[in-house]
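Asks: take a look and give me a structure for this.
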Amino acid sequence: MTETTEPKKLRVTLLKSAIGYSEKHKATVRALGFHKLHQTVELPDNPSVRGMLYKVNHLVKIEEVK
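Replies: The predicted model follows:
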């Protein structure tokens, strides 16, 4: 019995602007795919994305997608 597991995803919403923060934070927000406030993107749950989210966790809301 083989069970196919879908890769986990994260639903991330940009809640706060990166204006006033370092250029690294601004670049990370852009690299995550955000263009405007309150935009939501779905990203794969992997260590590189988790690292970027850790860097800007004060600007975003993170939810796991089932």
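Asks: for the protein, what spans make up the strands?
Replies: Taking DSSP state E, the strands of the chain run over residues 9-14, 40-44, 60-65.
Asks: mind listing residues that contact the first one?
Replies: Counting by CB atoms under 8 Å, 6 or more residues apart in numbering, strand 9-14 makes contact with 29, 32, 34, 36-45, 49, 53, 59-65, all of which sit outside it. Quick note: C-beta positions are derived from backbone N, CA and C, even for glycine.
Asks: quick check, central residue of the chain?
Replies: Val12 (4.6 Å; CA atoms, centre = their mean).
Asks: in the sheet, who's paired with that residue?
Replies: Val41, Ile62 (DSSP bridges).
Asks: tally of neighbours for Tyr54?
Replies: Per other CB atoms under 10 Å, the neighbour tally for Tyr54 reads 10.
Asks: roughly how far does it sit from Glu6?
Replies: From Tyr54 across to Glu6, the span is 24 Å (CB to CB, to the nearest Å).
Asks: now do Gly20
Replies: Distance, Gly20 to Glu6, using CB to CB: 38 Å.
Asks: my read is that Lys16 contacts His58, right?
Replies: Yes: using CB atoms under 8 Å, Lys16 is in contact with His58, at 7.1 Å.
Asks: settle it for me: which of these two has more neighbours?
Replies: Lys16 (14 against 9).
Asks: so what does that one have for phi and psi?
Replies: Lys16 adopts backbone torsions of phi -130, psi 140, taken as degrees, to the nearest 10.
Asks: show me the contacts for the residue nearest to it when sequence neighbours are not counted.
Replies: Sequence neighbours aside, Leu59 is the residue nearest to Lys16 in space, at 4.6 Å (criterion: CB to CB, 6 or more residues apart in numbering). With contact taken as CB under 8 Å, 6+ apart, Leu59 is in contact with Leu14, Leu15, Lys16, Ser17, Ala18, Tyr21, His25, Val29.
Asks: weed out the non-buried ones from those residues.
Replies: Leu14, Ala18, His25, Val29 (16 or more other CB atoms under 10 Å).
Asks: my guess is the last one meets Asn57, correct?
Replies: No: taking CB under 8 Å as the definition, Val29 is not a contact partner of Asn57, at 11.6 Å.
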